[in-house]
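[1] Quick one: sequence and predicted model below, then my questions.
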Amino acid sequence: ELEKMARRGALIVFEGCDRVGKSTQCQRLVEALKTSGRQAESLSFPNRDTAIGKLINNYLNKKIELENHSIHLLFAANRWEMVPQMEKLLKSGTSLIVDRYAFSGVAYTAAKKTAEVDWCKWPDIGLPTPDVVFYLSLSPEAAQQRSMYGNERYEKAEFQAEVERQFQAMKDESWETIDASRSVDSIHREVLETSLRAIEENSHKDILPLWK
Ligand code: FDM
Ligand code: MG
């Protein structure tokens, strides 16, 4: 009975292309939730600290080359290896604020046009489904005006524009699309309000498997 009454944390995901402000919003949200007395932790994918994550990091830094399907599976494996810890935290009542998830996995690989979207989704089927997906959307033109991209793989305007198209094709009515050209504060206020509601509404619901 005690088990049944325990409140779980919410799984809150931020998605979008590079430089749209996901990391800033994740940080702001975790801080605000903690300040309000709620348990919250941040997590980002890829998690570059694990053995798989180090391989991914070398790939992103162009130190190694990997075949497109192969790197895709490593990104998915890098999420699966975190699932036991994620489930434990969620069950203990801690909300997880996640910077990128399976949707990035699909969008970035699909943008390469070497694997179909259905194939891209397959390795992530069954991951914990997020309670909220915030999609930070910025036009390729606005993204380009923001700042120079870095030197990592994928940080090219043309590729980012294709990734944005893949995200747009994938998103459904459950996603909270946010105009990322707005101010950090105004986005944060909206994100916090939606997140507090999601934490409340989902606290007694099961976590369903993604894309099943
Ligand atoms: N990326 C990220 C992928 O290609 N697939 C994935 O599954 C994930 C999670 O990795 F270009 C790409 C997106 C980005 C790069 O991400 C590193 P960060 O958020 O810039 O660290
Ligand atoms: Mg990046």
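    It's in. Numbers count the residues shown, from 1 in each chain. Ligands and ions are numbered 1, 2, ... in the order given.

[2] Tell me which helix or strand the residue nearest to residue 47 when sequence neighbours are not counted sits in.
    Closest residue in space to residue 47, ignoring its immediate chain neighbours: residue 53 at 4.8 Å, by C-beta to C-beta, 6 or more residues apart in numbering. Using the backbone N, CA and C atoms, a C-beta is placed for each residue, glycine as well. Using DSSP states H and E, the element containing residue 53 is helix 51-60.

[3] Please identify the buried residues of the following helix or strand past that helix?
    Once the chain leaves helix 51-60, the next helix or strand it forms, by DSSP H and E, is helix 68-80. By neighbour count with 16 or more other C-beta atoms under 10 Å, helix 68-80 contains the buried residues 71-79.

[4] Over to stretch 120-138?
    In stretch 120-138, counting by 16+ other C-beta under 10 Å, buried: 120-124, 127-138.

[5] near ligand 1 too, which of the buried residues of helix 68-80?
    Counting by C-beta under 6 Å from any ligand atom, residue 75 from the buried residues of helix 68-80 sit close to ligand 1.

[6] Tell me the one of the buried residues of helix 68-80 nearest ligand 1?
    Nearest to ligand 1 among these is residue 75, at 3.3 Å by C-beta to the nearest ligand atom.

[7] Against residue 38, how distant is that closest one?
    Noted for residue 75: a distance of 29 Å to residue 38, by C-beta to C-beta, to the nearest Å.

[8] ditto for residue 60
    33 Å.

[9] Please enumerate residues in contact with the helix holding residue 53?
    46-48, 64-66, 71, 74-75, 77-78, 81, 152-154 (C-beta atoms under 8 Å, 6 or more residues apart in numbering).

[10] re the thing from before, could you dump the buried residues of helix 68-80 into JSON lines and include pLDDT?
    What follows is these, written out as JSON lines (pLDDT from 0 to 100):
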{"residue": "71", "pLDDT": "99"}
{"residue": "72", "pLDDT": "99"}
{"residue": "73", "pLDDT": "99"}
{"residue": "74", "pLDDT": "99"}
{"residue": "75", "pLDDT": "99"}
{"residue": "76", "pLDDT": "99"}
{"residue": "77", "pLDDT": "99"}
{"residue": "78", "pLDDT": "99"}
{"residue": "79", "pLDDT": "99"}
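
[11] I'd like to know which elements the host helix or strand of residue 118 is packed against.
    In the assignment (DSSP H and E), residue 118 maps to helix 117-121. Secondary-structure packing of helix 117-121 (3 or more C-beta pairs under 8 Å, 6 or more residues apart in numbering; DSSP states H and E): helix 102-110, helix 157-170.

[12] which stretch among these comes nearest ligand 1?
    helix 102-110 (3.1 Å).

[13] Now do the closest one, average pLDDT.
    Averaged across helix 102-110, pLDDT comes to 98.

[14] Give me the buried positions along it.
    Result for helix 102-110 [16+ other C-beta under 10 Å]: buried residues 102-110.
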